[in-house]
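Q: predicted model, plus sequence, below.
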Amino acid sequence: MNINLKIWRQKSNTNEGNLHDYRLENVDPNISFLEMLDILNNKLIKEQQDPVAFDHDCREGICGSCGFMINGRPHGPQKATTVCQLHMRSFNDEDDILLEPFRAKSFGVIKDLSVDRQSFDRIISSAGFVSVDTGEASEANKISIDKNNADEAFLSAACIGCGACVAACKNSSAMLFTSAKVSHLALLPQGQKEKTERVNKMVATMDAEGFGACTNTGACSAECPKEIGQTNIARLNREFVKAQVSNFFEKK
Amino acid sequence: MVWVSCEGYIIMKDFKLNSKVPNGELHTKWEDYKKILNKLSPEEANKYKVIIVGTGLAGASAAATLAEKGFNIHAFSYHESPRRAHSIAAQGGINAAKNYKKDGDSVMRLFYDTIKGGDFRSREDNVYRLAELSVNIIDQCVAQGVPFAREYGGLLDNRSFGGVQVSRTFYARGQTGQQLLLGAYSALSRQTNAKKVKFYSRHDMLDVVTIDGKAKGIITRNLLNGKIEAHSADVVILATGGYSNVYYLSTNAMASNVTANWRAHKKGALFANPSFTQIHPTCIPVKNDFQSKLTLMSESLRNDGRVWVPKKKNDTRKASNIPEEERDYYLERIYPAFGNLVPRDVASRRAKEVCDNGQGVGNTGVAVYLDFKKSIEEKGEEYIKEKYGNLFDMYQNITDENPYKTPMKIYPAVHYTMGGLWVDYNLMTTIPGLFSIGESNFSDHGANRLGASALMQGLADGYFVAPHTVMDYLAKEKPGLGHKAEQKEFVDAIQETEKDIEHIMSIKGDLVVDEVHRELGKVVWDKVGMARNKEGLENAINSIPKIKEKFWKNVSIPGSDKDMNQELEKALRLKDFIELAELMAYDALDRNESCGGHFREEYQTKENEAERNDTDFKYVAAWGYNKNGKPELFKEDLKYNNVKLKTRSYK
């Protein structure tokens, strides 16, 4: 198959960026999307041009490194799939394919399609953990957890931190990302002790990092490669209201 | 020990390896040893600076734990976030001798299985300690909120893995590595928040700096602006993973590399058993020349999948058209006791054998079937989906075939490297003050690692071993306020690194880095892969220097080294892979026996099983770097006081 690529090229976050056209011919439909970019880069290097920078690592859909907009959608057209797991068979011969970085105030462009998502790390380090030092833990099977709760917690914990939710949201909200971690820990007995403090701090950090407000459009879950659901956001809101109420009474 | 400087590099003469294993009973050794190790109070610890390179399972867990003890941690990663480390991709599970299933498991049994699985080429005392600590890991991870799979009664669930007959593997669907890494990452994040850890993202370590023979810092390249920087500390811990990408195609993440370890090696750290690499039996086969990496399908699939090939050679019929009696379930046939759950090295070699014999399937003939039909009939599709859903989805996504309907096609691929920096019982390399933990050291898996043991080792080293032994080392060191990054040793090291980069940038040849890497990978896979022989290894030793020459003459790096340059990153890694490849061939050539993942065709039994030679090769081969010629071999004789050496049998 032949494809026409339009790719956002930007030297660094202080330079202006713009779109460049590239054409690739005889692309094997069975190669992955990133392998297609490897081929393009190989060609560019041979022509003494700068290859397209993009983040990627495991190429198994789990490390969360990859991610950019393909024709306006984070990670491209296939549901529940990261860019690295997308294959060229998802496109047609002579398709025009537009590649742009994730756009959000809190994700600065580093180069071309690579963005800085360290704001996510700061949200987690504000309170996305259980405070237990190494060696302090008691026997694991002393904690019994209802299988349904454990499974729910797993589904929330499956977030890969790729940032697609932020890129999909018209307000660039990080609500889905933040709520997935709040939910994961709120669903488990281990997370109960710190749940009030956790939701307060994580929401405050999310706001301080410049992420927008959540207006419940559901675009984030629809584009999430790990299908993190909207129930997480509802759960965060519940936890947040409970925390506000308990703060109010504590102050009184 | 005498340290001799040789053209800027340090090699050791008249040096005897000392594993520093304490005396005492195997069962109580570690606990007794911990009591006599030197301690520092959090106030005293606060005077020390610790550098940790790599923040996967081993690095993140060590960073968190040492920070909890009061040390100031400077953690480095080439990733943007610790959560991207390749530990995240581990699928199947983590072993622990909890004996929750009451199937007769014990620390002793896990210890024995690991020693036997490693084909009696690992250090008894390290392995026992690993088995002992396995239970603490599960406790710690559960306390952090790691959502392991549970039974309906609410207790933790277990499954079986290759090479063992008990059920001791804890798991979180097919994403166990992800959940454990996120657990360690959360512990690390908590310490970042407490200002005890400073995380340097997108920093590649390019050298280790020694002062008076002791590791006192590292040189890094900031991947965003190309700046070469020196960082000093009182101790350096490498948690930099394995080197499977020397083969170009492997299941490792694209950026996984040997550079940190190789730089340490060139500064005097011995490299142990470099040729002990693990070929994982269940990966998605190579499909074309553009392939950039290989994808693993968890070994846990062999619990419910049956491996087979057609009995007839060159059989082009579809799987569904081949009747039962014309299928060869070769693992079940050859190994009735373990069947599809034989260890990885055995399963891999047998797959190669049937394919070499013309019984391979698929377009290329280089694949075997992994068939779930029987399990789906007996247990139902829902059961399979619940257990392996994400793996089946991943398979379908990549191959465009539905594994619920047609058998998976699989073939072995490089997955893990048992070899690594030589470390003593304290996990310290031959450079004082330089520790190596997790996959980056050689210590616990001998010649073959059992499934679900890599996560166990990474976390045992990081949470429970290194924090004690590193503290003991530091307690004997003055806090290094005198060691500043302005010192001559650091300035020289920066200059060396800058010179290297300048050289690579100036080559301006006509070969893309990946082209050279692919060529190297082919040589290593063909000659130092699943089956090795003298002629092939000599051939590799002959051809690898030519690839090296090609690299230094013809490689082409576009752009500038002063901003993000992913081609330069790759080139800096490849130049070290090339040197490592040569050492791997030397190591495989030295070892005139077959053991675990190291299969020398000249040394096999009549039944094509590995023929080990305990009289001559019961040692760890630790190699010293020699700039001017053949690497120098130092041997650590392995002593077995608690297990009887015997031929592995899974029949």
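A: Cool, the structure landed.

Q: for the rest of this, base every contact and every neighbour count on C-alpha atoms.
A: Fine.

Q: give me the mean pLDDT for the longest helix seen in chain B.
A: For chain B, the longest helix by residue count, based on DSSP state H, is helix B:566-590. Summarised as a single mean, pLDDT over helix B:566-590 is 98.

Q: got the buried residues for it?
A: Residues B:566-589 are the ones in helix B:566-590 that count as buried (16 or more other CA atoms under 10 Å in any protein chain shown).

Q: what residue ranges in the stretch 51-200 of chain B score low on pLDDT?
A: Within the stretch 51-200 of chain B, no stretch has pLDDT under 70.

Q: near chain A too, which of the buried residues of helix B:566-590?
A: residue B:566 (CA under 8 Å from any CA of the partner chain).

Q: from memory residue A:83 sits against residue A:66, does it?
A: Yes. At 6.4 Å, residue A:83 and residue A:66 qualify as touching, with contact defined as CA atoms under 8 Å.

Q: where do the helices of chain A begin and end?
A: Assigned by DSSP H, chain A shows helices spanning A:33-46, A:118-127, A:147-157, A:164-168, A:175-186, A:195-208, A:219-223, A:231-251.

Q: nearest to chain B, out of these?
A: Nearest to chain B, of all the helices of chain A, is helix A:118-127, at 4.4 Å by CA to the nearest CA.

Q: which outside residues touch that closest one?
A: A:106-107, A:161, A:178, A:181, A:197-199, A:201-202, A:205-206, A:209, B:80-81, B:186, B:189-190, B:192-193 (CA atoms under 8 Å, 6 or more residues apart in numbering or on different chains).

Q: before we move on, the earlier item: tabulate the helices of chain A in a markdown table, adding columns for mean neighbour count, distance to residue B:85 and mean pLDDT.
A: Below are the helices of chain A laid out as a markdown table (neighbours: other CA atoms under 10 Å in any protein chain shown; distance: least, CA to CA, whole Å; pLDDT from 0 to 100):
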| stretch | mean neighbour count | distance to residue B:85 | mean pLDDT |
| --- | --- | --- | --- |
| helix A:33-46 | 18 | 19 | 97 |
| helix A:118-127 | 21 | 14 | 98 |
| helix A:147-157 | 21 | 17 | 97 |
| helix A:164-168 | 27 | 19 | 98 |
| helix A:175-186 | 27 | 19 | 98 |
| helix A:195-208 | 20 | 23 | 97 |
| helix A:219-223 | 22 | 24 | 98 |
| helix A:231-251 | 15 | 26 | 92 |
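
Q: tell me the residues of the stretch 151-252 of chain A that contact chain B?
A: A:151, A:153-154, A:157-158, A:185, A:188, A:190-191.

Q: 6 Å - rerun?
A: A:154, A:190 (CA under 6 Å from any CA of the partner chain).

Q: how about stretch B:194-213, does it reach chain A?
A: No. Using CA under 6 Å from any CA, we find that stretch B:194-213 stays clear of chain A, coming within 8.9 Å at best.

Q: can you list the domains in the chain?
A: Let's take chain A. Here the domain parsing of chain A from automatic domain parsing is A:3-111, A:117-131+A:142-251.

Q: switch to chain B, please.
A: Segmentation of chain B into domains, based on automatic domain parsing, reads B:280-415, B:488-613.

Q: select, out of those, the one closest to residue B:219.
A: domain B:488-613 (6.6 Å; CA to CA).

Q: tell me how far residue A:108 lies from chain B.
A: To chain B, residue A:108 is 13 Å away according to CA to the nearest CA, to the nearest Å.
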